[in-house]
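Visitor: after the sequence you'll find the predicted model.
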Amino acid sequence: MERTAWHDEGVDDRALVDAVLAGDRDLFRVLVEREQVTVYRACLRILGRPHDAEDVAQESFVMAYRALASYRGDGPLGGWLLRIATRQAYRRLGQRRETAELHPDMPLGAPGSDPLAATLAGERQRAVRLAVAALGEPYREVVALRFFGEMSLDEIAAATHRPLNTVKTHLRRGLERLRPVIAAEAAA
Amino acid sequence: MSRRPFDPRELDRPADGADESLAELERFVTSTATDAPSGFTERVMNAVAEEPAPRRRLLGWLLAPSPAGGAQRFARVGVLAATLVLAFAGALFAGELASLVRDFGSGETPTPSPTPSVTESVAPTPSPSIEATPPTSPDATMDGSPTPGSTGASPQATPVETPEASDDDTPEESETPRPSATATPAQTPG
């Protein structure tokens, strides 16, 4: 059964892409099933709203399908996809900035029964999200891929075509810049 | 998917004062580890079904690293080289064809057309210079205006004035002798 072999974690990304490009559209499902959790979580962590996250995650998969021929195969397909998704999510976040205050984000995860604790948790999550969003590039991308996308630094280096040491430097500087911003967002 | 908590040792050098933000980020990531909504895959595949099939671009195919290794890569480079040679040959052929068509269509007209244009351009240029120099004698001004006809010009006036004109207009030195040739018709009536 060739189909089951595709579901293996060790499936060759290049071969999967080549098969889809050769016309086997259904094989794209393998990629969706394999990466949907990571992509959806990353979008949710950036946007803070499940509905928006689902929308952007779906949009990112469709964009990846359209641009599949541009995948060069020199990094993990999941990283390439996550990069598309995080960019799309930040673009969406920028578009909805104006209405953000009218629709405060609900706390994600298990809010518990205590409404006060849930509100505080929601405020803390919002502070972190906005603090990362306020970082300049390339720090924002590296921090988002490492924490929101849960990629390793090696994977980030491969996906962004940057040397590993450069990625480490970007992450360290991003974390250093994040500290006062998180404090300010939390205070606000 | 298993969570991948951040280890500060991932960085060669620890970030200054980033412990607090790291802890906040880790807390945030842990609290937002939710699964994708049910039916997500089907919705994506339905959206993908409405898209046209992605096509591999030629350049992407040529530059893509091949899992088969060197042989396939070598074949791709061969295809690229053949494409370039064909494109070059095609451009050469098109150029030759265009020049042939141009020659065939115009016939002999290209060769005579430059010479009249040169003589026409030369003829007016000396005439103002001749007008400029002759103020010395009233006869010269009379000669200068009818130069195109050159019928009433005296044979002596033109040879004398042409050297002066050639001295004034340095770029037209080579052409100034030609008005002297106009003196020859003047000689014929004389």
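Guide: That came through, no problem.
Visitor: where does chain A have low pLDDT?
Guide: Chain A contains residues with pLDDT under 70 at A:1-11, A:97-113, A:185-188.
Visitor: give me the most central residue, it.
Guide: Computing the C-alpha centroid of chain A and ranking residues by CA atoms, centre = their mean puts A:Ala42 first, at 3.2 Å.
Visitor: pretty sure that residue is in contact with A:Gly149, am I right?
Guide: Yes - the pair formed by A:Ala42 and A:Gly149 meets the contact definition of CB atoms under 8 Å, at 4.5 Å. Where C-beta positions appear, they are placed from N, C-alpha and C, glycine not excepted.
Visitor: what touches both of the two?
Guide: Here A:Ala42 and A:Gly149 have A:Leu82, A:Ala85, A:Thr86 as joint contacts, going by CB atoms under 8 Å, 6 or more residues apart in numbering or on different chains.
Visitor: what about the last one, which SS state?
Guide: Read it as A:Thr86. helix (DSSP: H, G, I helix; E, B strand; the rest coil).
Visitor: quick check: closest non-adjacent residue to it.
Guide: A:Ala144 (4.9 Å; CB to CB, 6 or more residues apart in numbering or on different chains).
Visitor: do the same with the first one
Guide: Taking CB to CB, 6+ apart, and ignoring the residues beside it in sequence, A:Leu82 has A:Gly149 as its nearest neighbour in space, at 4.4 Å.
Visitor: need phi/psi at that neighbour.
Guide: phi -90, psi -10 (degrees, to the nearest 10).
Visitor: same check, this time on B:Pro5
Guide: phi -70, psi 150.
Visitor: contacting residues around it?
Guide: B:Glu26.
Visitor: how near is it to B:Leu22?
Guide: Distance, B:Pro5 to B:Leu22, by CB to CB, to the nearest Å: 10 Å.
Visitor: and the gap between the residue nearest to A:Leu82 and A:Leu27?
Guide: For A:Gly149 relative to A:Leu27 (CB to CB), the value is 23 Å.
Visitor: repeat that for A:His51.
Guide: A:His51 is 29 Å from A:Leu27, by CB to CB.
Visitor: what's the first helix or strand after the host helix or strand of A:Ala158?
Guide: Per DSSP states H and E, A:Ala158 falls inside helix A:153-160. Where DSSP H and E defines the elements, the next helix or strand beyond helix A:153-160 is helix A:164-187.
Visitor: that next one near chain B anywhere?
Guide: Yes - judged by CB under 8 Å from any CB of the partner chain, helix A:164-187 and chain B are in contact via A:Asn165, A:Lys168, A:Leu171, A:Arg172, A:Arg173, A:Leu175, A:Glu176, A:Leu178, A:Arg179, A:Ile182, A:Ala183.
Visitor: packing partners of that helix?
Guide: Packed against helix A:164-187 by the contact rule (3 or more CB pairs under 8 Å, 6 or more residues apart in numbering or on different chains; DSSP states H and E) you find helix A:115-133, helix A:139-143, helix A:153-160, helix B:19-31.
Visitor: give the buried residues for the longest one.
Guide: Of the residues in helix A:115-133, A:118, A:121-133 count as buried by neighbour count, 16 or more other CB atoms under 10 Å in any protein chain shown.
Visitor: restrict the residues you listed to those near chain B?
Guide: Okay, of the buried residues of helix A:115-133 touching chain B (CB under 8 Å from any CB), that's A:Ala121, A:Arg124, A:Gln125, A:Ala127, A:Val128, A:Arg129, A:Ala131, A:Val132.
Visitor: how close does the first one get to B:Asn46?
Guide: Taken as CB to CB, the spacing of A:Ala121 relative to B:Asn46 amounts to 35 Å.
Visitor: how does chain B divide up, domain by domain?
Guide: Domains of chain B are assigned by automatic domain parsing as B:57-101, B:126-175.
Visitor: can you tell me which of those domains the model trusts least?
Guide: Mean pLDDT is lowest for domain B:126-175 among the domains of chain B, at a mean of 40.
Visitor: start and end of stretch A:147-165, how far apart?
Guide: Taking CA to CA, to the nearest Å, stretch A:147-165 runs 18 Å from one end to the other.
Visitor: just stretch A:14-30 next, same as before
Guide: Calculated as CA to CA, the first-to-last residue distance of stretch A:14-30 is 13 Å.
Visitor: thought A:Ala53 was touching A:Val39?
Guide: No - here A:Ala53 does not reach A:Val39: they are 9.2 Å apart, not a contact under CB under 8 Å.
Visitor: neighbour-wise, which of the two wins?
Guide: A:Val39 (30 against 27; other CB atoms under 10 Å in any protein chain shown).
Visitor: please name every helix or strand in contact with the host helix or strand of B:Leu92.
Guide: Assigned by DSSP H and E, B:Leu92 falls within helix B:70-106. The contact analysis (3+ CB pairs under 8 Å, 6+ apart) places helix B:70-106 against helix B:58-63.
Visitor: still on that earlier bit, comparing A:Gly149 and A:Leu27, which residue is more hemmed in?
Guide: Set side by side, A:Gly149 and A:Leu27 show more neighbours around A:Gly149, with 27 against 19, by other CB under 10 Å.
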